[in-house]
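K.L.:
next comes the sequence, and after it the predicted model I'd like to discuss.
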Amino acid sequence: MTTQVAARPAVNLKGLSQYGVYLAILLLVLYNIFFTPYFLTWSNLRIQLIQVAPIVIVALGMALVIGTEGIDLSVGSVMALAAALIPLYLGYGVVAAILASLVAGVVVGLINGVLVARVGLQPIVATLALFVGGRGLAVVISEGKLKDVRNPDLIYLGSGDLLGIPVLVWIAAALVVVVAFLVRRTVFGRRLLAIGGNRPATELAGLPVKRVLITVYVLCAVLASIAGLLSVARIQSSDASAVGLLIELSAITAVVVGGTPLTGGKVRVLGTVAGALLMQLVIATMIKHNLQPSTTEMVQAVIILIAVYVARERKTR
Amino acid sequence: MLEVLDVSKIFPGVRALDRVSFRLAAGEVHALVGENGAGKSTLIKVLTGVYQPDEGELRYQGEKAQFGTPMDAQHAGISTIYQEVNLIPQMSVAHNLFLGREPRNRFGLLDEKRMHHEAREILAGYGVTADVKRQLGTLALGAQQMVALARAVMIDAKVVIMDEPTSSLEPREVETLFGIIRDLHRRGIGIIYVSHRLDELYQICDAVTILRDGRVVHTGKLAELERIKLVSLMLGREMSGSFSAFKESDPEVSDAPPVLRARGLTSRRKLHDISFEVRPGEVVGLGGLLGAGRSETIKAIGGAYPLDSGDVQVDGVDLKKPTTVRAVKAGIAVQPEDRKAEGIIAGLSVRENIALAVLPQLSRFGLVSDAKIDAIVEKYMTRLRIKASGPGQLVGDLSGGNQQKVLLARLLATGPRVLLLDEPTRGIDVGAKAEVQSLIDELAAEGLGVVLVSSDAEELIEGADRVVVLRDGVVVGTLTGAEVTTEDLMATIAAGGNQ
Amino acid sequence: AKSEDDGSSAGSGTPASAGAQVVASASSGAATCTIDQYGGTKLDLKTAKVGFSQSEKEANPFRIAETQSIKDEAAKLGITNLTTTNANSQFNKQISDVEQMIDSGVQLLVIAPLNSDGWDSVFAKASAKKVPIITIDRKINATPCKDYLTFIGSDFAEQGKRAADEMAKSLGNKGKVAILLGAPGNNVTTLRTSGFKDEIAKVAPDIKIVFEQTGNFAREDGQKVTEQLLQSNPDINGIYGENDEMALGAITALKGAGKKAGDVKVVSIDGTKGAVQAIVDGWASAVIESNPRFGPLSFATAQKFFGGEPVDQDVIISDRQYGQDNAKADLASAY
Amino acid sequence: MTMTLPVATPEDTRRTDRTDRIVEIVQRQGALAVLVVVVLISFATFPNFRSFDNTATILVAAAPPMLIALGMTFVILTGGIDLSVGSLYVLGGVLAAWASQFGFVTAFAVPLLVCGAIGVANGLLIAYTRMAPFIVTLAALLGARGLMRAISSEGSATFLVQSDAFRRLGNGSFLDIGYQVWLVAGLVVLGIVLLARTRFGHAVYAVGGSEDAAALMGIAVRRTKIWVYVMSGLLAGLAGAINAAKLGSGVTVLGTGMELDAIAAVVIGGTLLTGGAGTIAGTIAGVLLLGVIQNLINQVGNVNSNWQQVISGTFLALVVVAQTYLVKLRRVS
Ligand SMILES: Nc1ncnc2c1ncn2[C@@H]1O[C@H](COP(=O)(O)OP(=O)(O)OP(=O)(O)O)[C@@H](O)[C@H]1O
Ligand SMILES: Nc1ncnc2c1ncn2[C@@H]1O[C@H](COP(=O)(O)OP(=O)(O)OP(=O)(O)O)[C@@H](O)[C@H]1O
Ligand SMILES: [Mg+2]
Ligand SMILES: [Mg+2]
């Protein structure tokens, strides 16, 4: 029936909701250019990109999970596990250490995925268990000790440059491209969105829903473990009790502020990157102006609300 | 009594109501008809305060009225049964019945005893005998619809509005409903009645208003309007002959080996040793009352309902323990009963919805090929005459009939051997219904096996070559031949009960 | 598993005696407490039921050394009935941990409190059963010898003050300094900040404190904040880290920003191995120690108390400090 | 985050009501069943666990989380979530301690007013802007914590409780059970009555069951939503206040992760995160279960703090999986 598409009166509004995050970033950058000394320098941009990289990587995985109408609280614990394993296996070389930490991600992802897809737990609860237990396990593995890492290859990942741009940023950018490609161009991406849109319907259509869901949780955990190992490389030490603390909230915020609805069925990869960047800039601005934590927190609250309000889905049906 | 003048309602991109005027007289049963998406439900929602009109005004009992919320309308004496059961499935039957107006004791607390007692009494009058403490969701849809009806009528209403109340009722329940409507009619209560089933309209309605594309195209006495004329007005084009699009002639059913063979399907208490087979080109109907287990049978074959025993064969190959994935691979395509909850993915485009199940075939190394997808989407959109602004339109924005066609397109794209269709024409208008029906014929003619479930007895008789009748999860008979009538079907169902 | 250091770290075990706590003020005029004043009965510590409540996870060198020291000393003294709990940084859990130990009949409580206030309900319970409480490392704001027996620990304000002295010395009394604050709301943070600021104002008014941001006592946060700091205040001369972890993070940030050792003076508090090593390497100027080895002093105090001798109400330990002169030599005794 | 669970599947109409109800009770009160089993085992194993004092300690410690979980139950029943409760809890405590200098009544009034107001803000935003509750209350979590830090000079100032009456409420007892426990018990009973026996309670279930249907049935959906967030805010503030009374000061280093504990307790208690089904009795069992686990770990004694987390996490997973299994059993049988 609806052979419609009569002139859309709300074009401007819609544009605003699509590009709200980018607009917010622009405003914040403009503010900083005028009011923050030394803001417009390459070294400053570099620091911001380096600092945001781990959050972006975690948020990418989170966006995939949220696209299936799920949520993953365990990402911080996965980072801790990955971090805890690195010093243990660094003796075999950097490749072994990285593999060990990725395996940790795979295992956690499998557990989450099976709990969600097969046992049928609600994602927030399924991942809560590993949120609590995972970090404990990581600290047990590391015997509660912070361990310095000196392996030059690993440290290169965290603080080296390639063609003038930090390796860390290259890696994050590459992962963004991969995930964007995954969502837009692959069968897996389409299936993921379909599950988020209507899981019973997807199941009845004969799609391997459980397999896709498990894969999504594994991907999310593996991305988190990459973030974990990169954090270790950057801090040049492994501290299982601290790495990735509360990152789940930052990641979820980045995803949602970036315009991906928590109700699933839609993933905005670039928006997610922008969301993370926005929150990073907010924090950087607060620190540069030497504001108190109380102010920082309240301003963050307001910015999250405004960004999400602008980007919220208008209910049309 | 209740009147709207020049009301318009605009949704982003659609003018759902365009200067509609409508008048309900006291004691009148007024039919509201129109194609899917004509604006019937929207008009009702405007009348009852769910939506505020963008233009025009509302008059109630001679005075200008404005309802901010459905609650306001209810207080004013306008009671509504909305399209699709709108009750709370997790709550008990009694709580649903009284929600928002529960009886209270002198401490202001709910009087559960009284509530249960009264609920039992009221529902008995509607032929519902289930335990009122049970979760509503565990009742058959028909019973749920009766609860919704009871809820709407039990308040002291002056106007009762019913949006497609019969789409999930069985014939006996429809009779009960009509009894109630006649009673309301006698008491001088105005009734607005929306339905796609034309027979019903002529049975009980006095007046009719026809909507098309959000505009009123006709209003007047129903008796003065011929059926054929009514349909033409609705569709905006001439309709000729029969309303059922099924071809009269029975196609040659070959004695080729069956494409689908279900044997001894049994599932805890719900299905008992159900066996039947479908040959290529054959349409097998599943008959029975609501709750007979037809939907479960279909889902079981499609791998979506757990079986305790029994097996399913496609082209002689056994599907060991059917799962949805295996069933689709083997060539079984299921169109579920509940389009919104289990069928379409409303937030995705027509294109994505159609391509969903065949993505692996349309891709290489896991990468989708846009060209291939476009080709297949184009093919089915043309073939099924899907009306959408383009392949990119969200399915949730389509009319019911077109949503149904998108769903069919998804099934057909998988290149199935057997189609299992559960209520394929529920809630879609006569035009779309005819299209879907002729499509079923066409597909069968191409050699597909089709299983058809429909609560509409006529559709079943005309559409199917053979009807397998179920009752309480047991096969109680099979009707074959061109001479089968609705009466035969009813008789078999009834006889099944006496065994 | 095989770590980077396997094979080379054979000699890392610290001798138990190294770095033992020393009481600072043995001044005879200080207030004391006896078992008669406090109430309770004499008993033999060996057979007594002892409870130790740790506040934070054993996930950093300070807490690990602290808990270990209590356990080791108990084992050494032959105390068999020691219960330990850990509140995982949740204050309410620490309160109920302690209450539960009182319920189960402990006769001596050693508490490393997470917070200085909020102990009312514990005191009420403990005083009803006359269980002596020794608080270690952080002081509780209450009446000694009544609510609790005694406090053993460092003077945090004094630590801040000493850090300020070292900072002033290494900067030659002028320059711009940034503070990496500890976790907000923590009285360690508060005291180490006020001690530092007051002393700077007194001894080196030409030193400007231009930047104060929290690093939550964590290395990563210390690094991140310092990175931002170096962008907005490239001319910074000194960084005061309220613990070693943040200072080490700051040093990583300094390295990342292309600074050389000694360009920016770093002073911090705690005395962990990593920080002392940083002095040896030239990145840090000084580290004020906060000694976590509370076991021997705690049990010695308890033994005195149960034996009827008076004990000081405030046992302030003297913290050492590490600088260029002694860092190398004392590295082994850092924790 | 609201996963669609198959909530109600059609069941055999012929099944007798009684079996239906017994199975349903076991399913619904799975947490209670687990709690009973755990308590019985602990009774047999740990002599100290049996003591009256220990029980009283568990109950007192469970009082503030119980209030928070009570509010959370209402919120989750409507299909929402409230992440701000941990922050409101700390804020409530700090405000109560500060306000106690003006007397007993203000010590309650101030935190209730402020936390209630934040609840109103949560509710309004969620009801009127259709923003996800998760994100609105996440912002409130940050905002409330910021506010708490702002009034306590970045958390460094601890207000001491000045009112003796207020302090007594925290540490006094009646029949050897703390006043707080009585207060909480009273509120829980009120909550149960409110949920099961009033129109508001039924509206809460209806909104969680199906928001659209509830609206069409004439339920004031927005008002119901606003109220549950107000209740959640008020109860979190009250929990903070009674905790401050117990501790004797407005401790600022509390409350992180409290919201997740509350959510875990509610879910362990059998309430669906999708809303529409669940009971307060289940929530109580959930809170007590978490408290008992904590207590048991201490009873075992000398468990490394890091293992404690591992054990808690594993236990949580086991309980929830067991719950789900019970639900499935019910569906199949
Ligand atoms: N909330 C809404 N937002 C946007 N468009 C809407 C909304 N509700 C209805 N529409 C559109 O308004 C038109 C009229 O819809 P309505 O539901 O009133 O049709 P109907 O006559 O009841 O159809 P049916 O017979 O399928 O029930 C359709 O084009 C529909 O897509
Ligand atoms: N609360 C509900 N919400 C959505 N759909 C429901 C609900 N309750 C039942 N249904 C659906 O309605 C269908 C009809 O239920 P019923 O108990 O009559 O069994 P049935 O065997 O499917 O009936 P039929 O033989 O007519 O197909 C069920 O298959 C189920 O999918
Ligand atoms: Mg309609
Ligand atoms: Mg059916």
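P.N.:
Yes, it's here. Numbering: from 1, shown residues only, chains lettered A, B, ... in the order given. Ligands and ions are numbered 1, 2, ... in the order given.
K.L.:
burial count for whatever residue of the stretch 151-300 of chain C ends up closest to ligand 3?
P.N.:
Closest contact between the stretch 151-300 of chain C and ligand 3, by C-beta to the ion, is at residue C:224 (56.2 Å). C-beta here means a position set from N, CA and C on the backbone, and glycine is covered the same way. Using other C-beta atoms under 10 Å in any protein chain shown, residue C:224 has 24 other residues around it.
K.L.:
helices and strands around the helix or strand hosting it, which ones?
P.N.:
For residue C:224, the host element (DSSP states H and E) is helix C:219-232. On a contact count with 3 or more C-beta pairs under 8 Å, 6 or more residues apart in numbering or on different chains; DSSP states H and E, helix C:219-232 meets helix A:42-67, helix A:209-235, helix A:269-288, strand C:175-181, strand C:207-214, strand C:238-241, helix C:244-256.
K.L.:
out of these, the one nearest ligand 2 is which?
P.N.:
helix A:209-235 (18.4 Å; C-beta to the nearest ligand atom).
K.L.:
compute the inter-axis angle for the closest one and helix A:42-67.
P.N.:
160 degrees (axes from the mean of the first three to the mean of the last three C-alpha atoms, to 10 degrees).
K.L.:
could you check the angle helix A:209-235 makes with helix C:244-256?
P.N.:
Using the same axes, to 10 degrees: helix A:209-235 against helix C:244-256 is 80 degrees.
K.L.:
packing partners for helix A:209-235?
P.N.:
helix A:42-67, helix A:75-89, helix A:94-113, helix A:152-159, helix A:167-185, helix A:187-197, helix A:199-204, helix C:219-232.
K.L.:
gap between it and the chain center?
P.N.:
Centroid displacement of helix A:209-235 relative to its chain, using C-alpha atoms, centre = their mean, to the nearest Å, is 9 Å.
K.L.:
what about it, average pLDDT?
P.N.:
Across helix A:209-235, the average pLDDT comes to 94.
K.L.:
mean neighbour count, the helices and strands packed on helix A:209-235: which tops it?
P.N.:
helix A:75-89 (a mean of 31; mean count of other C-beta atoms under 10 Å in any protein chain shown).
K.L.:
which neighbouring elements make contact with it?
P.N.:
helix A:42-67, helix A:94-113, helix A:123-141, helix A:209-235, strand A:237-238, helix A:247-257.
K.L.:
in the last one, what counts as buried?
P.N.:
I take that to be helix A:247-257. A:247, A:248, A:250, A:251, A:252, A:253, A:254, A:255, A:256, A:257 (16 or more other C-beta atoms under 10 Å in any protein chain shown).
K.L.:
and the angle for it with helix A:269-288?
P.N.:
120 degrees.
K.L.:
show me what helix A:247-257 is packed up against.
P.N.:
Using 3+ C-beta pairs under 8 Å, 6+ apart: helix A:247-257 touches helix A:42-67, helix A:75-89, helix A:269-288, helix A:293-311, helix D:133-151.
K.L.:
so what touches stretch A:169-178?
P.N.:
A:46, A:49-50, A:52-54, A:56-57, A:60, A:157, A:162, A:223, A:226, A:230, A:269-270, A:273 (C-beta atoms under 8 Å, 6 or more residues apart in numbering or on different chains).
K.L.:
in its sheet, what does the helix or strand where residue B:318 lies sit against?
P.N.:
Residue B:318 belongs to strand B:317-319 when assigned by DSSP H and E. Strand B:317-319 sits in its sheet next to strand B:309-314 (antiparallel), going by DSSP bridges.
K.L.:
give me the subset of the contacts of stretch A:169-178 touching ligand 4.
P.N.:
For ligand 4, no contacts are drawn from the contacts of stretch A:169-178 by C-beta under 5 Å from the ion.
K.L.:
and the closest residue to residue A:168 other than its chain neighbours, what pLDDT?
P.N.:
Among residues not flanking residue A:168 along the chain, residue A:53 sits closest, at 4.8 Å (C-beta to C-beta, 6 or more residues apart in numbering or on different chains). pLDDT, residue A:53: 94.
K.L.:
and the following helix or strand past the strand holding residue B:318, is it in reach of chain A?
P.N.:
Heading C-terminal from strand B:317-319, the first helix or strand you meet, by DSSP H and E, is helix B:324-330. Yes - Helix B:324-330 is in contact with chain A by C-beta under 8 Å from any C-beta of the partner chain, via B:324, B:325, B:327, B:328, B:329.
K.L.:
where's the residue nearest to the last one when sequence neighbours are not counted, which helix or strand?
P.N.:
Right, residue B:329. Distance criterion C-beta to C-beta, 6+ apart; nearest residue to residue B:329, sequence neighbours excluded, is residue A:206 at 7.4 Å. In this structure, residue A:206 sits in neither a helix nor a strand according to DSSP H and E.
K.L.:
isn't the residue nearest to residue A:168 up against residue A:167?
P.N.:
No - between residue A:53 and residue A:167 there is no contact under C-beta atoms under 8 Å: 9.7 Å.
K.L.:
dig out what the residue in the stretch 351-499 of chain B positioned nearest to ligand 2 forms beta bridges with.
P.N.:
For the stretch 351-499 of chain B, the residue closest to ligand 2 is residue B:453, as judged by C-beta to the nearest ligand atom, at 6.0 Å. When assigned by DSSP bridges, residue B:453 has beta-bridge partners residue B:286, residue B:422.
K.L.:
what is the burial count for it?
P.N.:
Neighbours of residue B:453 using other C-beta under 10 Å come to 25.
K.L.:
in contact with it, which residues?
P.N.:
Applying C-beta under 8 Å, 6+ apart to residue B:453 gives the contacts B:285, B:286, B:294, B:295, B:298, B:337, B:421, B:422, B:423.
K.L.:
pick the one among those closest to chain D.
P.N.:
residue B:295 (8.9 Å; C-beta to the nearest C-beta).
K.L.:
quick check: the closest one touching residue B:422?
P.N.:
Yes - using C-beta under 8 Å, residue B:295 makes contact with residue B:422 at a distance of 5.5 Å.
K.L.:
which secondary structure elements does the strand or helix carrying residue B:476 contact?
P.N.:
Following DSSP H and E, one finds residue B:476 within strand B:474-480. Helices and strands touching strand B:474-480, by 3+ C-beta pairs under 8 Å, 6+ apart, are strand B:271-278, strand B:466-471, helix B:486-498.
K.L.:
quick one: contacts of stretch A:216-226?
P.N.:
Contacts of stretch A:216-226 (C-beta under 8 Å, 6+ apart): A:57-58, A:60-62, A:64-65, A:67-68, A:70, A:72, A:74-76, A:78-79, A:81-82, A:101-102, A:104-106, A:108-110, A:112-113, A:116-117, A:171, A:175, A:192, A:244.
K.L.:
quick one on the thing from earlier: okay, who's weakest in the contacts of residue B:453 by pLDDT?
P.N.:
Lowest-confidence member of the contacts of residue B:453: residue B:337, scoring 83 (pLDDT).
K.L.:
now do that residue against chain C, distance only.
P.N.:
51 Å (C-beta to the nearest C-beta, to the nearest Å).
K.L.:
contacts only, for the closest residue in space to that residue that isn't next to it in sequence.
P.N.:
Closest residue to residue B:337 apart from its sequence neighbours, by C-beta to C-beta, 6+ apart: residue B:422 at 4.1 Å. Going by C-beta under 8 Å, 6+ apart, residue B:422 touches B:294, B:295, B:298, B:334, B:335, B:336, B:337, B:453.
K.L.:
these into TSV, with extra columns for secondary structure and distance to residue B:191?
P.N.:
Output for the contacts of residue B:422, formatted as TSV (DSSP: H, G, I helix; E, B strand; the rest coil; distance: C-beta to C-beta, whole Å):
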residue	secondary structure	distance to residue B:191
B:294	helix	31
B:295	helix	31
B:298	helix	35
B:334	strand	37
B:335	strand	33
B:336	coil	32
B:337	coil	28
B:453	strand	30
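K.L.:
just curious, which of those residues is nearest to residue A:235?
P.N.:
residue B:336 (52.4 Å; C-beta to C-beta).
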